[in-house]
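> whatever this is, show me its structure:
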Amino acid sequence: MSYSVGQVAGFAGVTVRTLHHYDEIGLLRPGARSAAGHRRYDDADLDRLQRILFYRELGFPLEEVAVLLDDPDIDPQAHLRRQHGLLTDRIERLEKMAAAVERAMEARKMGINLTPEEKFEVFGDFDPDDYQEEVEQRWGSTEAYKESQRRTASYTKEDWKRIQEEADELGNRFLALMAAGTPPESEAAMDLAEEHRQGICRNHYECGHELHACLGRMYVSDHRFTENIDKAGPGLAAYLRDAILANAERHG
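Residues are numbered from 1 along each chain as shown. Below you'll find the model as predicted:
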C-alpha cells in the first residue's frame with residue numbers, strides 16, 4: 001500500500017511543501033516513485049513521519065531529528081521510550097503553566113492586574129491573592145461579591161493606590177479620635193464609620209448598614225483582619241467595629 005504526497009499531507013496535517021522539503025534534505029525520502037516520477041509513501045515512511053512530527057512538536061531542530069532517527073543504535077522501541085519520557089516532562093511543564101494561568105485568572109477576577117512589585121507598592125505585605133480562595137468560598141455566591149468583581153475588573157494600579165490612600169487617610173483620622181479619647185459611639189466616630197461604608201459603596205459594592213455591621217464584627221472576630229488593621233495602631237480594629245455598630249444603630 002502506498003500513498004501520494006497529497007494523501008500523506010492530509011493524514012499528517014502538514015503541507016505538501018513541507019513533505020517536499022523533508023525529501024530534499026534527506027529527512028523523509030519516499031519509499032517509491034510512480035512511473036511519472038511522483039512521490040509514493042509506504043507505511044514505514046508514515047511511521048518515520050510520525051516520529052519526525054513528534055520531535056518537531058517538542059521543539060527539536062530538523063538536524064537533530066535526523067540524527068536521532070538515523071542513529072543505528074536506537075531501535076523503534078527505544079524511540080517510543082524516549083518519546084514517552086519527553087512527553088511526561090512536557091506534561092509536567094504544561095501542568096505548571098496551567099497552574100500559573102489559573103492563578104493569573106484568579107488575580108484577574110479580583111481585579112488585581114498588578115506585578116508583584118506593584119502589589120507590594122499598593123498593599124504592602126498584605127497580599128489579596130492569599131485570601132482569594134477563601135473569599136470565593138465564603139462570599140462567591142453573593143451579589144456583593146459579584147458586583148465587586150464587575151467593578152474592580154478594570155481597576156489599574158493607580159485606582160488601587162487611590163483606594164489604599166483613602167483607607168490610610170481614614171484610618172489616621174480614626175487613630176486621631178482614639179488618641180483624643182473620643183468614644184467610638186460619638187458623632188465624630190460614627191461619621192467616620194459612615195465614610196468608611198460609603199467608600200465600600202463607591203469602590204466595591206453596595207454596602208448597607210446591616211452588611212457594614214457584619215464587616216465590623218468580622219474585623220475583630222477574625223484575627224487576620226484584626227492584625228492587619230491594628231498595624232496602623234493597637235486597638236484600631238475594635239474601635240472601628242464599635243463605631244460601625246453605633247453608626248448602623250443610628251441609621252436603624
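> from now on I want contacts and neighbour counts done on CA atoms only, so please keep to that.
OK.
> which phi and psi does the residue of the chain positioned farthest from its centre have?
If you look at how far each residue of the chain sits from its centre, by Cα atoms, centre = their mean, the farthest one is Ala35, at 58.4 Å. Here is the backbone geometry of Ala35 (degrees, to the nearest 10): phi -60, psi -30.
> what's the answer for Arg33, then?
Residue torsions, per degrees, to the nearest 10, at Arg33 are phi -130, psi 150.
> give me the below-cutoff pLDDT ranges for the protein.
Scanning the chain for pLDDT under 70 picks out 76, 97, 99-142, 144-145.
> can you list the domain ranges for it.
Domain segmentation of the chain under automatic domain parsing yields 5-60, 76-125, 138-251.
> switch these over to CSV; also include distance to Asp70.
As requested, the domains of the chain are exported to CSV (distance: least, Cα to Cα, whole Å):
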stretch, distance to Asp70
domain 5-60, 9
domain 76-125, 11
domain 138-251, 54
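> tell me which of those is the most buried.
Mean neighbour count, computed with mean count of other Cα atoms under 10 Å, is highest for domain 138-251 among the domains of the chain, reaching a mean of 17.
> and Ala66, which of the domains of the chain is closest to it?
Nearest to Ala66 among the domains of the chain is domain 5-60 (5.9 Å), distances taken as Cα to Cα.
> what about the closest one, start to end distance?
In domain 5-60, first residue to last residue: 24 Å (Cα to Cα, to the nearest Å).
> how much space separates Gly13 from Arg93?
25 Å.
> return the residues in contact with Gly235.
With contact set as Cα atoms under 8 Å, 6 or more residues apart in numbering, Gly235 has no partners.
> and the helices in the stretch 51-200 of the chain?
Listed in chain order, the helices of the stretch 51-200 of the chain (DSSP state H, counting those that start in this stretch) span 62-69, 76-109, 116-123, 132-139, 143-152, 157-179, 187-203.
> distance between the fifth one and the chain's centre?
Shown here is helix 143-152, whose average C-alpha point lies 18 Å from the average C-alpha point of the whole chain (Cα atoms, centre = their mean, to the nearest Å).
> tell me what angle it forms with helix 157-179.
Orientation check (axes from the mean of the first three to the mean of the last three Cα atoms, to 10 degrees): helix 143-152 against helix 157-179 gives 130 degrees.
> with only the CA atoms kept, save helix 143-152 in PDB.
The C-alpha trace of helix 143-152 is given here as PDB (Å, rounded to 0.1, in the frame of the first residue of the first chain):
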ATOM      1  CA  GLU A 143     -24.500  39.800  44.800                       C
ATOM      2  CA  ALA A 144     -22.000  42.000  46.700                       C
ATOM      3  CA  TYR A 145     -19.100  39.800  45.600                       C
ATOM      4  CA  LYS A 146     -20.300  39.600  42.000                       C
ATOM      5  CA  GLU A 147     -20.700  43.400  41.900                       C
ATOM      6  CA  SER A 148     -17.200  43.900  43.400                       C
ATOM      7  CA  GLN A 149     -15.800  41.600  40.700                       C
ATOM      8  CA  ARG A 150     -17.500  43.600  37.900                       C
ATOM      9  CA  ARG A 151     -16.400  46.900  39.300                       C
ATOM     10  CA  THR A 152     -12.800  46.100  40.100                       C
END
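> that concludes my questions; thank you for your assistance.
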